[in-house]
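**Q** coords please:
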Amino acid sequence: MNRLKTESGRMSRFIKLFKYLKPYRRGMALAVGSGVLNHLLAISLSVVCAYMVGLVAKGAFHTVGATFFAVLGAIAVLRAGMYYAEMWFAHEVAYRILADFRILLYRAVERVAPAILLNMRSGQLASTLMSDVEVLEWFFAHTFGTMLVAFIVPAIVLAFLGILNWALAALLLLFILLVALVPFWMRKKADIQGRDVREKLADANAGTVEGIQGLREILAMNYRGGYLKKMGQAMGLLGESQVAYGRRLGLEGALLNAFTGFAMVAVMAASAFLTLKGELGFEWFTVSVILAVYTFAPVLEICSIARNFGLIAAASDRVFQVLEGKALVEDNGKSVPAKALEPAVEFCSVSFSYREDLANAVDKVSFAVKPGETVALVGHSGAGKTTCINLLLRFWDVKEGQVKIGSRDIRDMSLDSLRDMTSAVLQDVYLFNTSVRENIRLGSPEASDEEVEKAAKAALAHEFIAGLPEGYDTMTGERGVQLSGGQRQRIAIARALLKNSPVLILDEAVSNLDSENENDIQKALQRLRKGRTTLVIAHRLSTILSADRLVVLSNGRVVQTGRHDELMAEDGAYKELISSQFPS
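**A** Numbering: from 1, shown residues only. Model (predicted):
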């Protein structure tokens, strides 16, 4: 029962993969056709040579010798062409499908992000996007077409051998079935080991990526030895898993070779016996042995691939886990032009938790931001400020209540419409490994160079950009590693300025600037806020004081609202927060 269940599960995975072959069925048909011809021509080449040997032994070769050499030459040329065609068509289809898979996976990640990263480390996700997809190349290039070839070629050879002598065909069929059953017998262990190898590899990749991303912290804390030990443990577990997988591969290979060897001995003995009895012509003795040898070639090829079905199945599981991941934010809303709604933001009794087993990150939160007003969210770390921003941007959806823009629930508008209406400068600025100009233009891809520079000047970024080696064409490096934290933040501000959306979101956008530059940026932001709704996560006193109104959060709840002077006149959470952070 367990074996049937395992086989059923494996087949269901492969049926899912088969669906992706449909757009490329013409290319796959050409791959299969050229593969069959490649094998048949290889068999024909050896069969003709074996038959020539038989004729020589009988002394009858001189009558047809020249013809045979011409035939051999033609077969050799055709076989080379078919081999090339098989490799070309099979791999063209495979790599086109892999490209499709990577695009589909990225779209799926966009759909299910950021929720997917709650249960999967970024390195594990990267392993699925690249490494697991690459494993599927075995299936598309070497499995589907090879399986068809492995059925067609032996069937043709067995039919021909049956014409020579049915007993030889029956004997060979028996051993073919024995060879084909070897991967079937060991498939359960192969699936378990394949899944374990892919999981251990993903963990090792994740640890490596974290080590690279956190290299500065590792060096600063002198944790090199500790992290190397941690990596050594992960690599050790991966090595043990791979060794166990290799041991099983070796056992399967030994069984395949043993059955194939016994088959050759049995066919040779049977052919010799039939020749001595006069039931098989002498010139066909070597032909029958050669046919037996080549019949196993496609069967062994698919069996060799089948030995790695565990890895293919595990990789496909991880790929489909992402592809079929349920989006926590459904994009079912209508397209709404940004100018059609008043840029007013409202949280109406909003509650939300990141997981069902966790307490609410925000609970019954209600506040409003009028058009042109700047409201700062303040509170201790973990109070729910960033969660409010995430809900407004619909990185997550509320569990209870509503978030509205212009009196319309943001779930009733498309994600594209919502993102067109909002610009965000988040505390953790991400710059892509491209030019400064293109990083700013991310806010408005169609913007001209003049518009890009105007936004940079407004964000007080133009001066330092002009001083870079190649100005606006300077490459920022991965994650903006070539720039300082303050420079990265100014580019992010310029990006938001260029986008020019009616709702502006600032997650402590001046946190990495010195006092002098902070004052300049505050002035630029003050001008930018006119006629624009601004929601700020504030930690610095200067940001707090520049806001029109404050919303004080504590443990996920709104505990106070008002202006700075009003709240300082009360004995509440805000006064306590300011007193603890900015003692007089």
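
**Q** Do me a favour and get the end-to-end distance for stretch 332-344?
**A** Length of stretch 332-344, first residue to last, C-alpha to C-alpha, to the nearest Å: 22 Å.

**Q** Identify the residues contacting it?
**A** With contacts defined as C-beta atoms under 8 Å, 6 or more residues apart in numbering, stretch 332-344 is touched by 368-372, 404-408, 410-418, 420-421, 501-503, 532-533. Any C-beta I mention is one placed from the backbone N, CA and C, and that applies to glycine too.

**Q** Just the ones in strands from those residues, please.
**A** The members of the contacts of stretch 332-344 that map onto strands under DSSP state E are 368-369, 404-405, 408, 503, 533.

**Q** Quick one: mean pLDDT over the helix or strand harbouring residue 17.
**A** Taking DSSP states H and E as the criterion, residue 17 maps to helix 2-19. Helix 2-19 carries an average pLDDT of 61.

**Q** and if you look at stretch 407-419?
**A** Averaging pLDDT along stretch 407-419 yields 89.

**Q** Just the buried residues of that stretch, please?
**A** Within stretch 407-419, the residues scored as buried using 16 or more other C-beta atoms under 10 Å are 408, 410-411, 413, 415, 417-418.

**Q** Quick one: end-to-end distance for it.
**A** Where stretch 407-419 starts and where it finishes are 17 Å apart, if you go by C-alpha to C-alpha.

**Q** Can you tell me the element residue 566 falls in?
**A** helix 564-568.

**Q** how about that helix: buried residues?
**A** 564, 567.

**Q** same deal with stretch 20-36?
**A** Those would be 20-21, 24, 27-28, 30-36, for stretch 20-36 by 16+ other C-beta under 10 Å.

**Q** what does it contact?
**A** With contacts defined as C-beta under 8 Å, 6+ apart, stretch 20-36 is touched by 82, 85-86, 89-90, 92-93, 96-97, 100-101, 140, 144-146, 148-149, 152-153.

**Q** do the same with stretch 434-447
**A** The contact list for stretch 434-447 (C-beta under 8 Å, 6+ apart) reads 423, 431-432, 449, 451-452, 455-456, 465, 468, 470-476, 480, 491, 494-500.

**Q** Take these and keep only those in helices.
**A** Under the assignment DSSP state H, these contribute 449, 451-452, 455-456, 465, 491, 494-499 to helices.

**Q** tell me what the longest helix along the chain is packed against?
**A** Ranked by number of residues, the top helix in the chain under DSSP H is helix 224-276. With contacts defined as 3 or more C-beta pairs under 8 Å, 6 or more residues apart in numbering; DSSP states H and E, helix 224-276 has these neighbours: helix 166-185, helix 187-213, helix 285-306.

**Q** Any of the contacts of stretch 20-36 buried? List them.
**A** Listed as buried from the contacts of stretch 20-36 are 82, 85-86, 89-90, 92-93, 97, 101, 140, 144-146, 148-149, 152-153; burial here means 16+ other C-beta under 10 Å.

**Q** which other helices and strands contact the helix or strand where residue 75 lies?
**A** Assigned by DSSP H and E, residue 75 belongs to helix 65-112. Helix 65-112 makes packing contacts with helix 25-58, helix 133-142, helix 309-323 when contacts are defined by 3+ C-beta pairs under 8 Å, 6+ apart.

**Q** could you check the angle helix 133-142 makes with that helix?
**A** Using axes from the mean of the first three to the mean of the last three C-alpha atoms, to 10 degrees, the inter-axis angle of helix 65-112 relative to helix 133-142 is 150 degrees.

**Q** Produce a ChimeraX select command limited to the buried residues of the ones in helices among the contacts of stretch 434-447.
**A** To isolate the buried subset of these in ChimeraX, counting by 16+ other C-beta under 10 Å, use the following:
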select :451,452,455,456,465,491,494,495,496,497,498,499
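
**Q** remind me which residues of the stretch 1-150 of the chain are low pLDDT?
**A** 1-11, 13-14, 57-65, 112-130, 138, 142 (pLDDT under 70).

**Q** try the stretch 151-300 of the chain
**A** For the stretch 151-300 of the chain, applying pLDDT under 70 flags the ranges 213, 216, 219-222.

**Q** give me the low-pLDDT residue ranges for the stretch 451-584 of the chain?
**A** In the stretch 451-584 of the chain, residues with pLDDT under 70: 478-481, 509-525, 527-530, 581-584.

**Q** Tell me where it has strands.
**A** 503-507, 533-537, 549-554, 557-562 (DSSP state E, counting those that start in this stretch).

**Q** export those to CSV and tack on distance to residue 51?
**A** Output for the strands of the stretch 451-584 of the chain, formatted as CSV (distance: least, C-beta to C-beta, whole Å):
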stretch, distance to residue 51
strand 503-507, 80
strand 533-537, 84
strand 549-554, 89
strand 557-562, 90
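
**Q** Dump the ones you listed to TSV, plus distance to residue 280 and mean neighbour count.
**A** As requested, the strands of the stretch 451-584 of the chain are exported to TSV (distance: least, C-beta to C-beta, whole Å; neighbours: other C-beta atoms under 10 Å):
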stretch	distance to residue 280	mean neighbour count
strand 503-507	85	24
strand 533-537	88	25
strand 549-554	91	22
strand 557-562	92	18
